[in-house]
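In: Only the shape, not the letters, is given here:
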């Protein structure tokens, strides 16, 4: 699925001017909630990058984004911490919702799209990573390492005080079709992640 993302993005980008494409990379501090079993919200530093195709249609762009989210919670029974790690690869359509504001340093966009979500889960205890999960798997010693499809939607506010540096605030809702009752048991659910974060981006025109 990732090659499909890239090929589609390259085909569209070949139809527009090269100076409308930007690559950015940087850290962000996120406060997010995993709505699978009503876990408490957490905050954490993460890293991400994206390729942005600006205004391939007036006030509409495309964003190919990759990031990393980690969620941990103490085990209800026994010792250790149950950790989930998500790496979403998403392709979003970005709509400029302030088209009348002709200021390059300020952008407010509504985003919606789909993606491939790579995720893992394991138990961390006694200072070492234990891949023997105490969850209802087909094989008790199997490590959770999955790829699922999902959708994402949100709003991004970007302020760019310098040409190649931007500060962003983003709120995004991710719905991951990860439920697999046959493999993980009757109580397995789709993951739903609501992320609110602020970060710094270092932007390079392509």
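Out: On my side now, so go ahead. Keep in mind it's a predicted model, so treat the numbers as computed, not measured. Numbers count the residues shown, from 1 in each chain.

In: where exactly do the helices run in this structure?
Out: Taking DSSP state H as the criterion, the chain carries its helices at 2-13, 181-184.

In: least reliable of those going by mean pLDDT?
Out: For the helices of the chain, mean pLDDT drops lowest on helix 2-13, to a mean of 53.

In: okay, and for this protein, where does confidence drop off?
Out: 1-19, 36-40, 75-79, 125-143, 181-187 (pLDDT under 70).

In: Now do the strands in it.
Out: 21-34, 42-57, 60-67, 69-74, 81-96, 106-125, 128-130, 144-162, 165-176, 191-205 (DSSP state E).

In: now those strands in JSON lines, with mean neighbour count?
Out: (Glycine included, C-beta is placed from N, CA and C.) JSON lines is the format used below for these (neighbours: other C-beta atoms under 10 Å):
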{"stretch": "strand 21-34", "mean neighbour count": "18"}
{"stretch": "strand 42-57", "mean neighbour count": "16"}
{"stretch": "strand 60-67", "mean neighbour count": "20"}
{"stretch": "strand 69-74", "mean neighbour count": "16"}
{"stretch": "strand 81-96", "mean neighbour count": "19"}
{"stretch": "strand 106-125", "mean neighbour count": "18"}
{"stretch": "strand 128-130", "mean neighbour count": "10"}
{"stretch": "strand 144-162", "mean neighbour count": "15"}
{"stretch": "strand 165-176", "mean neighbour count": "18"}
{"stretch": "strand 191-205", "mean neighbour count": "17"}
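
In: What distance do you get for the nearest residue to residue 178 once chain neighbours are set aside to residue 92?
Out: Excluding the flanking residues, the one nearest residue 178 by C-beta to C-beta, 6 or more residues apart in numbering is residue 148, at 4.5 Å. For residue 148, the distance to residue 92 equals 17 Å [C-beta to C-beta, to the nearest Å].

In: Check residue 153 too.
Out: For residue 153, the distance to residue 92 (C-beta to C-beta) stands at 8 Å.

In: If the most centrally placed residue in the chain is in a bridge, with which residues?
Out: With distances taken as C-alpha atoms, centre = their mean, the chain has residue 88 as the residue nearest its mean C-alpha position (4.3 Å). Residues in a beta bridge with residue 88, per DSSP bridges, are residue 117.

In: Hmm, it is touching residue 48, no?
Out: No - if you go by C-beta atoms under 8 Å, residue 88 and residue 48 don't touch, sitting 9.1 Å apart.

In: ok, what's across the strand from the residue nearest to residue 178?
Out: Going by DSSP bridges, residue 148 forms beta bridges with residue 117.

In: quick one, what contacts it?
Out: 116, 117, 119, 176, 177, 178 (C-beta atoms under 8 Å, 6 or more residues apart in numbering).

In: let's see it at 10 Å
Out: 86, 115-119, 176-180, 190-191 (C-beta atoms under 10 Å, 6 or more residues apart in numbering).

In: which among those residues gets closest to residue 71?
Out: Of all the contacts of residue 148, residue 71 sits closest to residue 86, with 7.6 Å by C-beta to C-beta.
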